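Peer 1: give me a 3D structure for the following:
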Amino acid sequence: MPELPEVEVTRMGITPHVVGQTVTKIIIRNARLRWPIPDAIKDIEGQVIRKVVRRAKYLLLETDIGYAIVHLGMSGSLRILPAGSVVEKHDHVDVVLASGEILRYNDPRRFGAWLWQQAGESHAVLDKMGPEPLCDDFNSDYLVAKAKAKRKAIKLLIMDNHVVVGVGNIYANESLFAAGIDPQCPAGNVSPQKLQLLVDEIKVVLKKAIAQGGTTLKDFKNADGKPGYFAQELQVYGKGGQPCPRCGETLTDIKLGQRATVFCGKCQR
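Peer 2: Next comes the predicted model:
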């Protein structure tokens with residue numbers, strides 16, 4: 001599943017092509033995504049895209065009258081293509097721009113979403129979310145308060161969108177390894193000093209992934225069609241049974257909250 005860095009890289013990739021452009025037409029080839037695409041999304045026709053904003057793993061194409069909310073789901077992608085590009089299998093939505101370019105949405109598994117929200121209102125999918133991990137509101141004092149007396153595993157806490165958005169499974173594994181914290185440890189048992197380090201490492205890992213173009217996953221490519229380049233630098237994710245890059249001990253691979261969790265029993269306490 002594309003995670004926060006992949007979505008942010010997509011935002012960065014499409015922004016120069018769509019901001020300031022008038023939407024001349026919306027073409028919907030298959031409206032049966034995670035939720036049916038609402039007819040109201042065609043209200044964006046004739047509107048200028050003012051900006052592209054990311055909130056958690058959602059992208060918002062903002063206009064004066066409202067915004068289209070896009071989620072990539074498990075296998076979705078957004079590409080900028082020239083007008084007249086051949087339509088491929090699973091190309092479900094085109095946003096045709098006055099420039100002649102097309103913002104095209106492809107999604108083989110159809111777990112993504114295209115939603116519409118009128119200006120001045122908030123959509124239910126965006127309500128009750130925690131702070132962005134790269135913003136100042138996500139800090140050690142905040143995480144200490146959220147972790148206090150919690151028996152929930154620290155890995156599951158930082159993956160909870162009500163606590164902080166966008167810390168997906170790959171980056172949770174990597175951040176906890178960097179901070180030296182056992183992902184199974186009850187959140188309330190992690191010291192404030194360790195939580196401060198965890199906040200710092202989450203920010204470092206996510207910024208690095210964004211800078212390097214997102215993690216190369218099976219179904220993800222950047223907006224310009226080039227793959228990401230972070231996967232080969234992952235320290236623990238997907239490496240269960242291999243030597244720890246820090247101490248050489250065998251990395252443990254378990255399921256935690258039904259998600260793959262890899263850690264070093266010696267380095268992470």
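Peer 1: specify the local secondary structure of residue 125.
Peer 2: Secondary structure, DSSP: H, G, I helix; E, B strand; the rest coil: residue 125 is helix.
Peer 1: mind listing what it touches?
Peer 2: Listed by Cβ atoms under 8 Å, 6 or more residues apart in numbering, the contact partners of residue 125 are 58, 69, 71, 113, 115. No exception for glycine: its C-beta is placed from N, CA and C like everyone else's.
Peer 1: check residue 59 too.
Peer 2: 7, 10, 11, 52, 53, 69, 70, 71, 72, 78.
Peer 1: sheet partners, orientation included, of the host helix or strand of it?
Peer 2: Assigned by DSSP states H and E, residue 59 belongs to strand 58-62. Next to strand 58-62 in the sheet, as set by DSSP bridges, lie strand 51-55 (antiparallel), strand 66-71 (antiparallel).
Peer 1: so which of those strands gets nearest residue 179?
Peer 2: strand 51-55 (24.6 Å; Cβ to Cβ).
Peer 1: and that closest one, average pLDDT?
Peer 2: What strand 51-55 shows for mean pLDDT is 97.
Peer 1: got the buried residues for that strand?
Peer 2: Neighbour counts over strand 51-55 (16 or more other Cβ atoms under 10 Å) mark 52, 54, 55 as buried.
Peer 1: distance between that strand and the chain's centre?
Peer 2: 12 Å (Cα atoms, centre = their mean, to the nearest Å).
Peer 1: residues in contact with that strand: which ones?
Peer 2: 4, 7-8, 11, 14-15, 18-19, 59-62, 126, 129, 132, 165.
Peer 1: now those: which count as buried?
Peer 2: 4, 7-8, 11, 14-15, 18, 59-62, 129, 132, 165.
Peer 1: using CSV, lay out those residues together with distance to residue 190 and pLDDT.
Peer 2: Converted to CSV, the buried ones among the contacts of strand 51-55 look like this (distance: Cβ to Cβ, whole Å; pLDDT from 0 to 100):
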residue, distance to residue 190, pLDDT
4, 22, 91
7, 28, 90
8, 27, 91
11, 32, 91
14, 38, 90
15, 37, 92
18, 42, 96
59, 33, 97
60, 34, 97
61, 39, 98
62, 38, 98
129, 23, 96
132, 21, 97
165, 20, 97
